[in-house]
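Peer 1: Can you look at this prediction? I've put the sequence above it.
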Amino acid sequence: MKNRAWYFVIPMLILMSIGAFLPIMVVVNYSQHYIFAGSAPTFVGLENFVEVLHDSQFRGAVSRQFLFTFMVLVIEISLGLMVALALPKKGFWVAPCLVLLGIPLLIPYNVVGIIWRLFTQSDIGVIPKIFEVLGGYYNVTLDSFDAASTILLLDVWHWTPLVVLLVYAGLQAIPDAYYQAAAIDGANSWRTFRFVTLPKLRSVLTLGILLRLMDSFKIYSEPLLLTGGGPGTATTYLSLFVARKAESYELGYASAASLIYFFIVLVMSYAAFQIITRIGKGGKVE
Amino acid sequence: MSPKKKKNKKYSKIFLILYFFLLTVPIYWMLNTSFKFDTEILSQFTLFPHKFTTKNYVEIFNSSVWMGSFLHSLEYVFLNVLITLSVSIPAAYAFSRWKFKGDHHLFFWLLTNRMAPAVIFMIPFTQIYSSLGLFDTIWAVALAHLLFNIPLAVWILEGFMSGIPKELDETAFIDGYSFLQFFTRIFFPQIKAGIGVAAFLCFTFSWVELILAKTLTIINAKPVVVTLTVGIGAEGIKWGLLGAAGVLTLIPGAVVVYFVRNNLAKGFAMGRV
């Protein structure tokens, strides 16, 4: 039996090692070299890493990325919870609501970018028009704050439905008896939510938080299409930053930066997973 | 129902209506734009097309570039889902049924690939696929997307398969089924929902992915997501055309979601949750 398992896993393993292991090795190799077009690469050890870590542009991208992901998590998880709790449990409106929630998830990233371009473009968009009517000022291509908050709004629009769907599925799985018991014990609605609903939602929320953490850290197409990373570097998040470096053939630098990037994502995901499971266990009512 | 509860209900209804309104407005705006003439888009602010036209759609259907790129996308997405499922189903079965040395580590390693930002792979993929002679073919994109879809598929399928009692396998073997017979006749129908969900998620990922698709193609295999970005940034953007192309990219997703609609909720609830 033990050997049999490997026969089942090996085809997958071969494809994954070609697809993942080999490229990572190439990146590790590049990250140790200075590479110029037309000349042989020179081995420089960890110098690329030192350069990346001292680069204020890289540091800027990292802190923008952290702020963005933090805001995404806070807004999307709380909004997602609120919407899922407010959704009808049964009846005619359930199906249309779920379909509407599914639509944004199925739109290609760059079409999301185009939708929001149409929506926010200073000459033809809806949001600038609303600001104009209200006497305000809004310009994605010129104002850093407008650009960054628009990307955030876009992400909230695009991905909150995922959190809603996950939480809604989790809510459906809670038996009515739990709520009845809470009502008999005289729990108010906050305490019912805190001690009955929330612990039962632990696994769906863990999944939601991890998925949003990993994916918001990888945001690329939306700022590329909407703002091109600008104005200045206001919306140049990590993926965009590394991609720019790779496209301008600074291969050594880009490789080192992407390894650091990968490391950050891994550590963050692992830490988030540990923290959530700890908190979940602490607050669980047995 | 107490008056306080009634009041709460009313607030939550208003909140929901507001949320769904905001959710649909951007999509409506794209639809709206796609049915307008460019002059109307640029010169007026109109909430619905005053002069309705399907010219943008006609232009796409008559353009070999647009139709070609739609076709490329469908081709590599299909290839990718096929390969992903054919290696992931056996692997997920092994993970769900047997303990073997290093299975936990292997599973975790698989998931770390799902976390990897795609930009990391821009440089090495270009090199590797060029040296294999696959650069700028649909195969390059199909194979590159495996990296993200296999972990996802194994993860979801393993969740579904673990939900099926091992006794089913044992009973079947005692009854004299060969492994292949058991798998195709008994096990497969049990995990159909899981396969549907995995296929759906792989489909959407591959259909929407931009970074690798953009890096690995130039002309011959240019997918629709890349064609969509090309018009942007150039002078005199054809907004109506972009809107129409955007609307068209939603269709495959809608078709797929129609086929797996009954399994989706179950998949969200069961897939490792």
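Peer 2: Structure's in. What do you need?
Peer 1: Point out where the chain drops to low pLDDT.
Peer 2: Assuming you mean chain A. Scanning chain A for pLDDT under 70 picks out A:1-2, A:36-39, A:279-286.
Peer 1: that's the wrong chain, I meant chain B
Peer 2: Short version for chain B, where the test is pLDDT under 70: B:1-5, B:230-236, B:260-273.
Peer 1: Nearest residue to the middle of it?
Peer 2: Central residue of chain B (Cα atoms, centre = their mean): B:Thr204, 0.6 Å from the mean position.
Peer 1: my guess is that residue meets B:Val255, correct?
Peer 2: No. Counting by Cβ atoms under 8 Å, B:Thr204 does not reach B:Val255; the two are 11.8 Å apart. (Glycine included, C-beta is placed from N, CA and C.)
Peer 1: After the top helix by length along chain B, which helix or strand is next?
Peer 2: Using DSSP state H, we find that the single longest helix of chain B is helix B:64-97. Note on helix B:64-97: by DSSP states H and E, the next helix or strand toward the C-terminus is helix B:103-115.
Peer 1: Against which helices or strands is that next one packed?
Peer 2: Using 3 or more Cβ pairs under 8 Å, 6 or more residues apart in numbering or on different chains; DSSP states H and E, the elements in contact with helix B:103-115 are helix A:2-16, helix A:251-283, helix B:64-97, helix B:138-162.
Peer 1: Who are the packing partners of the third one?
Peer 2: Using 3+ Cβ pairs under 8 Å, 6+ apart as the contact definition, the elements that helix B:64-97 packs against are helix A:2-16, helix B:55-62, helix B:103-115, helix B:138-162, helix B:192-208, helix B:224-230, helix B:239-259.
Peer 1: Helix A:2-16 and that helix, what's the angle between them?
Peer 2: Helix B:64-97 and helix A:2-16 are oriented at 160 degrees to each other (axes from the mean of the first three to the mean of the last three Cα atoms, to 10 degrees).
Peer 1: in helix B:64-97, what counts as buried?
Peer 2: Buried residues in helix B:64-97, defined by neighbour count with 16 or more other Cβ atoms under 10 Å in any protein chain shown: B:66, B:68-70, B:72-73, B:75-77, B:79-81, B:83-85, B:87-97.
Peer 1: now swap in the shortest one and tell me
Peer 2: Of the residues in helix A:2-16, those scored as buried under the neighbour-count criterion (16+ other Cβ under 10 Å) are A:5, A:8-9, A:12-13, A:15-16.
Peer 1: And the furthest pair within these?
Peer 2: Longest distance between any two of the buried residues of helix A:2-16 is 17.2 Å, between A:Ala5 and A:Leu15; criterion Cβ to Cβ.
Peer 1: and the nearest residue to A:Ser189 once chain neighbours are set aside, which of the three is it?
Peer 2: Excluding the flanking residues, the one nearest A:Ser189 by Cβ to Cβ, 6 or more residues apart in numbering or on different chains is B:Asn8, at 7.8 Å. Assigned state for B:Asn8: helix (three-state reduction, DSSP: H, G, I helix; E, B strand; the rest coil).
Peer 1: Pick out the residue of the stretch 51-200 of chain A closest to chain B.
Peer 2: Relative to chain B, the nearest point of the stretch 51-200 of chain A is A:Leu106 (3.5 Å; Cβ to the nearest Cβ).
Peer 1: tell me, how many neighbours does B:Lys10 end up with?
Peer 2: 10 (other Cβ atoms under 10 Å in any protein chain shown).
Peer 1: which parts of the strand or helix carrying A:Asp146 are buried?
Peer 2: Using DSSP H and E, the element containing A:Asp146 is helix A:144-172. Going by neighbour count (16+ other Cβ under 10 Å), the buried part of helix A:144-172 is A:146-148, A:150-171.
Peer 1: That one: how far from the chain's middle?
Peer 2: Distance of helix A:144-172 from the chain centroid (Cα atoms, centre = their mean, to the nearest Å) equals 10 Å.
Peer 1: Do I have it right that the residue of the stretch 51-200 of chain A closest to chain B meets B:Thr204?
Peer 2: Yes. If you go by Cβ under 8 Å, A:Leu106 and B:Thr204 touch, sitting 6.1 Å apart.
Peer 1: which neighbours do the two share?
Peer 2: B:Gly253 (Cβ atoms under 8 Å, 6 or more residues apart in numbering or on different chains).
Peer 1: Confirm that A:Gly232 lies within a strand, as I assumed.
Peer 2: No. Using three-state DSSP, the assignment for A:Gly232 is coil, not a strand.
Peer 1: Need the nearest residue in space to it, chain neighbours excluded.
Peer 2: A:Ser144 (6.5 Å).
Peer 1: contacting residues around the one you found?
Peer 2: Taking Cβ under 8 Å, 6+ apart, one finds A:231-232, A:234 in contact with A:Ser144.
Peer 1: and if you look at B:Thr204?
Peer 2: Residues in contact with B:Thr204 (Cβ under 8 Å, 6+ apart) are A:105-106, B:253, B:256.
Peer 1: what's around the residue of the stretch 151-273 of chain B found nearest chain A, how many residues?
Peer 2: Nearest to chain A, among the residues of the stretch 151-273 of chain B, is B:Gly253, at 3.5 Å (Cβ to the nearest Cβ). For B:Gly253, the number of neighbouring residues by other Cβ under 10 Å comes to 20.
Peer 1: close enough to count as contact, it and A:Leu106?
Peer 2: Yes. In this structure, B:Gly253 is within contact of A:Leu106 by Cβ under 8 Å, at 3.5 Å.
Peer 1: Just give me how far stretch B:37-46 sits from the chain centre.
Peer 2: Relative to its chain's centre, stretch B:37-46 lies at 33 Å (Cα atoms, centre = their mean).
Peer 1: From start to finish, how long is that stretch in a straight line?
Peer 2: 12 Å (Cα to Cα, to the nearest Å).
Peer 1: Is it in proximity to chain A?
Peer 2: Yes. Counting by Cβ under 8 Å from any Cβ of the partner chain, contacts between stretch B:37-46 and chain A involve B:41-42, B:45.
Peer 1: are any of these buried, and which?
Peer 2: Among the residues of stretch B:37-46 next to chain A, those classed as buried by neighbour count (16+ other Cβ under 10 Å) are B:Ile41.
Peer 1: Please convert the residues of stretch B:37-46 next to chain A to JSON lines, extending it with secondary structure and distance to B:Phe108.
Peer 2: JSON lines is the format used below for the residues of stretch B:37-46 next to chain A (DSSP: H, G, I helix; E, B strand; the rest coil; distance: Cβ to Cβ, whole Å):
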{"residue": "B:Ile41", "secondary structure": "helix", "distance to B:Phe108": "50"}
{"residue": "B:Leu42", "secondary structure": "helix", "distance to B:Phe108": "53"}
{"residue": "B:Phe45", "secondary structure": "coil", "distance to B:Phe108": "53"}
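Peer 1: mind listing what residue 126 touches?
Peer 2: Going with chain A. Counting by Cβ under 8 Å, 6+ apart, A:Val126 touches A:119-120, B:25, B:29.
Peer 1: looking at chain B here, not the other one
Peer 2: By Cβ under 8 Å, 6+ apart, the neighbours of B:Thr126 are B:135, B:215-216.
Peer 1: is it possible to export the contacts of B:Thr204 to a markdown table including distance to A:Ser31?
Peer 2: Listed next are the contacts of B:Thr204 as a markdown table, based on distance: Cβ to Cβ, whole Å:
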| residue | distance to A:Ser31 |
| --- | --- |
| A:Leu105 | 35 |
| A:Leu106 | 37 |
| B:Gly253 | 37 |
| B:Val256 | 39 |
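Peer 1: And those, which is closest to A:Ile75?
Peer 2: Nearest to A:Ile75 among the contacts of B:Thr204, with distances taken as Cβ to Cβ, is A:Leu105, at 17.0 Å.
Peer 1: burial of that closest one, as a residue count?
Peer 2: Quick note: A:Leu105 (other Cβ under 10 Å) scores 16 neighbours.
Peer 1: Same question for B:Phe21.
Peer 2: Neighbours around B:Phe21, by other Cβ under 10 Å: 10.
Peer 1: Off-centre distance for the helix or strand encompassing it?
Peer 2: Using DSSP H and E, B:Phe21 sits within helix B:3-34. Once both centres are worked out by Cα atoms, centre = their mean, helix B:3-34 turns out to sit 26 Å from its chain's centre.
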